[in-house]
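Chemist: no sequence for this one, just the structure:
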């Protein structure tokens, strides 16, 4: 009687553990990435020049 139940519990736990192990293997968390800038400074400056300036909002209500 306990054998089918144990198999069911093992299958359910396996369906949660196996995808988690696969995801942890192939995807790196952001907090583990190096602290260096992801975008080189030149590209960042170029992108800032291409971005249109924000319009000033009027203070009228």
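Modeler: Nice, thanks for sending it over. Treat the numbers as computed from the prediction; the structure is a model and nothing was measured.

Chemist: where along the protein do the helices fall?
Modeler: 2-26, 41-50 (DSSP state H).

Chemist: where does the protein dip in pLDDT?
Modeler: 1-2, 36-61 (pLDDT under 70).

Chemist: Mind doing that once more with 90?
Modeler: 1-4, 23-61 (pLDDT under 90).

Chemist: Kindly provide the distance from residue 33 to residue 27.
Modeler: According to C-beta to C-beta, to the nearest Å, residue 33 stands 11 Å off from residue 27. C-beta coordinates here come from the backbone N, C-alpha and C atoms, glycine included.

Chemist: Count the neighbours of residue 8 for me.
Modeler: Look at residue 8: counted by other C-beta atoms under 10 Å, it has 10 neighbours.

Chemist: same thing with residue 20?
Modeler: Neighbours of residue 20 (other C-beta under 10 Å): 10.

Chemist: Also residue 18?
Modeler: Neighbours around residue 18, by other C-beta under 10 Å: 10.

Chemist: Same question for residue 15.
Modeler: Residue 15: 10 surrounding residues under other C-beta under 10 Å.

Chemist: Residue 22 too?
Modeler: Residue 22: 10 neighbours (other C-beta under 10 Å).

Chemist: One more: the one 3 residues further on?
Modeler: Other residues within reach of residue 25 by the criterion other C-beta under 10 Å amount to 8.

Chemist: Next one: it from residue 12, what distance?
Modeler: Residue 25 is 21 Å from residue 12, by C-beta to C-beta.
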